[in-house]
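S.K.: here's a sequence, model it:
(chains A and B)
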Amino acid sequence: GESVGLHLPTLSVQEGDNSIINCAYSNSASDYFIWYKQESGKGPQFIIDIRSNMDKRQGQRVTVLLNKTVKHLSLQIAATQPGDSAVYFCAEKTSGNQFYFGTGTSLTVIP
Amino acid sequence: DAGVIQSPRHEVTEMGQEVTLRCKPISGHNSLFWYRQTMMRGLELLIYFNNNVPIDDSGMPEDRFSAKMPNASFSTLKIQPSEPRDSAVYFCASRKTGGITGELFFGEGSRLTVL
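M.R.: This is a model prediction of the structure:
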């Protein structure tokens, strides 16, 4: 039969605008939630993490929001730059130290 | 500092052949993870080691896959015999206990094509 690949959500933003990338997770028992960035031909790279007992954490140009009620995680990138173009993955860390990744969102920054 | 080093970067082989992928984690890191990335399934956790001991291999797809970590600076992922559906990019990642909790350091991956 015909194989079907993952349909990667895509987001296009204008350079300088803010980006918001969303993720739904499934495991309420995960103790950390993480965002990774993957550029073409490279391995994923850590951006920021948030502990499950927090709802917001800020880094340099990035903010992660966690809503445990609806099992939703978001990554906000301020003043998006062309170098931010990549695939972004959310991930969950279990108490057993397994890391599980979501399907990813492709971000394209338009100069 | 050297990051996680994987070899080979690319491998093309024929169905039925044995494939061995290699990983050198970052020195001082005590956890090592093997992932497989495909368009069909995304990033899948295959197995992870802590202090060279396999902790969870529930993601290993079948008995054709095996992984070892004979010492703190080396791990292998072996596929025998290989099949076309094993074609994917295989990533190794390492982590340091006591570092940033959510931070895995990934290698650049080994792209496997099985004909």
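
S.K.: up against chain A, what does chain B have?
M.R.: Residues of chain B found near chain A (Cβ under 8 Å from any Cβ of the partner chain) are B:4, B:31, B:33, B:35, B:39-43, B:45, B:48, B:50, B:55-56, B:91, B:93, B:100-109. C-beta coordinates here come from the backbone N, C-alpha and C atoms, glycine included.

S.K.: show the buried residues in these.
M.R.: B:4, B:31, B:33, B:35, B:42-43, B:45, B:48, B:50, B:56, B:91, B:93, B:102-109 (16 or more other Cβ atoms under 10 Å in any protein chain shown).

S.K.: quick one: secondary structure of A:Gly83?
M.R.: Here A:Gly83 is recorded as helix under DSSP: H, G, I helix; E, B strand; the rest coil.

S.K.: filter the buried ones among the residues of chain B next to chain A down to the ones in strands?
M.R.: B:31, B:33, B:35, B:42-43, B:45, B:48, B:50, B:56, B:91, B:93, B:105-106 (DSSP state E).

S.K.: just send those back as TSV, with pLDDT and distance to A:Lys68 too.
M.R.: As requested, these are arranged in TSV below (pLDDT from 0 to 100; distance: Cβ to Cβ, whole Å):
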residue	pLDDT	distance to A:Lys68
B:Ser31	96	26
B:Phe33	97	25
B:Tyr35	97	26
B:Gly42	90	23
B:Leu43	94	23
B:Leu45	95	23
B:Tyr48	95	25
B:Asn50	95	27
B:Asp56	92	25
B:Phe91	98	29
B:Ala93	98	26
B:Phe105	97	28
B:Phe106	98	27
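
S.K.: between the residues you listed, which is nearest chain A?
M.R.: Set against chain A, the nearest of these by Cβ to the nearest Cβ is B:Phe106 (3.0 Å).
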